[in-house]
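Student: got a predicted model here, sequence first, then my questions.
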Amino acid sequence: MSYPSQLRAFVATLVFTGALGLGVAHAADASLADWQPCPDSLAVEGGTPPSKKWDLTLSPYTHHWSNNPEHKQVMLVALDSHVSGGRFCGLSLFTNSFGQGSAYVYVGQQWDNIFGNPKLFTKVSAGLLYGYRGEYKDKIPFNQAGIAPAIIPSLGYAITPKDSAQVFILGNAGLLFAYARSF
């Protein structure tokens with residue numbers, strides 16, 4: 001599959017997943033005005049409100065630990081919603097290492113001021129990963145019907161108060177390099 005066709009497949013996955021999600025949400029409740037992506041139960045009681053509400057993350061590059069000729073370029077976009085106490089939840093849509101449209105739904109925790117550096121932070125997320133199907137189903141552990149649990153740690157550096165660079169550790173698969181914009 002060539003790079004332009006991978007990009008078309010990725011965009012089609014984004015559009016389909018987004019439309020499906022909005023359709024389900026609208027069917028569940030005609031009034032989306034009060035919809036919150038993260039349940040209030042994730043918030044820390046009495047915690048300070050987050051200084052940012054959303055993060056949009058884009059990944060231009062993934063480094064694989066092994067050189068496999070089947071590996072494709074991974075393209076990723078993620079949206080995180082922050083609640084108090086450094087907690088967040090989100091959805092990541094991406095093409096996996098084998099060119100399959102994939103998604104990761106997760107909750108997580110962020111810790112700032114790592115090693116006393118106010119620009120350095122770390123995050124860990126845990127959730128469900130969908131997308132490794134067919135001949136690639138055994139490429140991730142505990143995969144059942146294309147769905148598997150995942151835990152993904154990352155290390156980030158705040159370039160500005162709204163921009164950061166992050167490195168996500170993808171277990172024994174590799175490293176994902178990303179840019180995030182907070183708003």
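Tutor: That came in fine, so what should we check first?
Student: which stretches of this structure have low pLDDT?
Tutor: Under the criterion pLDDT under 70, the flagged ranges of the chain are 1-52.
Student: tell me where it has helices.
Tutor: Applying DSSP state H to the chain gives helices spanning 3-28.
Student: OK, contacts around the most centrally placed residue in the chain?
Tutor: Centroid check for the chain by CA atoms, centre = their mean gives S92 as the closest residue, at 3.5 Å. Going by CB atoms under 8 Å, 6 or more residues apart in numbering, S92 touches T57, L76, V77, A78, A103, Y104, Y106. The C-beta positions use only the backbone N, C-alpha and C, and glycine is treated the same way.
Student: ok, the first one - contacts?
Tutor: I take that to be T57. By CB under 8 Å, 6+ apart, the contact set of T57 is L76, V77, A78, L79, D80, S92, Q166, A178, Y179, A180.
Student: now do 6 Å
Tutor: A78, A178, A180 (CB atoms under 6 Å, 6 or more residues apart in numbering).
Student: what of the fourth one?
Tutor: Contact criterion CB under 6 Å, 6+ apart gives T57, G90, S92 as the residues in contact with A78.
Student: what of the third one?
Tutor: V77 is in contact with L58, L93, counting by CB under 6 Å, 6+ apart.
Student: look up how far F94 lies from it.
Tutor: According to CB to CB, to the nearest Å, V77 and F94 sit 7 Å apart.
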